[in-house]
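Student: need a 3D model of the following:
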Amino acid sequence: MVTIVDYKTYQRKDGSEFHALVVQGGVEAVKSKESGKTYLTAKTAKVPCTFDIMTCESLKGTTLPGGIKKVNVEPYEYAIPSTGEIINLTHRNEYIGEEESIVNNNVIDKALAV
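Tutor: Reported below is the predicted structural model:
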């Protein structure tokens, strides 16, 4: 399950705007590469939508079936919002619906794909 936690407004090349819902997965325990200590986090992803601002606002807190997965992409630069530091990333998080989530987590399907 994911929860809609926010929305963002973007501008297309032609100047028109569209919105994307920000969805967040469940809490995950992750080990820091630097300190070796465990911390808690939650993956987020942005999902473009056709809703207006009022609808996007009203959807906050709504849960959807599915999950968030890490997808490999061409390298790109990303500015860390809190520090402004520029880093290179080779992945992004993507929302996947319930059906794809079930297939991805199904051990039998993974074994057959080998």
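
Student: from here on, just use CA atoms for contacts and neighbour counts.
Tutor: Will do.

Student: which SS state does the residue nearest to Pro48 when sequence neighbours are not counted fall under?
Tutor: Spatial nearest neighbour of Pro48, excluding adjacent residues (Cα to Cα, 6 or more residues apart in numbering): Ala20 at 3.9 Å. Three-state assignment for Ala20 (DSSP: H, G, I helix; E, B strand; the rest coil): strand.

Student: ok, longest strand in the protein?
Tutor: strand 67-79 (DSSP state E).

Student: where do the helices sit along the protein?
Tutor: For the chain, the helices defined by DSSP state H cover 53-58, 98-104, 107-112.

Student: which of those helices has the lowest mean pLDDT?
Tutor: Of all the helices of the chain, the minimum mean pLDDT falls on helix 107-112 (a mean of 49).

Student: state the distance from the residue nearest the centre of the chain to Tyr76.
Tutor: Residue closest to the mean C-alpha point of the chain, counted by Cα atoms, centre = their mean, is Ala45 at 1.8 Å. As defined by Cα to Cα, to the nearest Å, Ala45 lies at a distance of 17 Å from Tyr76.

Student: any idea how far Asn72 is from Leu89?
Tutor: As judged by Cα to Cα, Asn72 and Leu89 stand 9 Å apart.

Student: and the residue nearest to Glu85 when sequence neighbours are not counted, what's its pLDDT?
Tutor: In space, and not counting its chain neighbours, Glu85 is closest to Ala79: 5.4 Å by Cα to Cα, 6+ apart. On the pLDDT scale, Ala79 is placed at 90.

Student: so how far is Gly84 from Met1?
Tutor: Distance, Met1 to Gly84, by Cα to Cα: 31 Å.

Student: the two: who's more crowded?
Tutor: Taking other Cα atoms under 10 Å, Met1 and Gly84 do not tie; Met1 has more neighbours (15 against 9).
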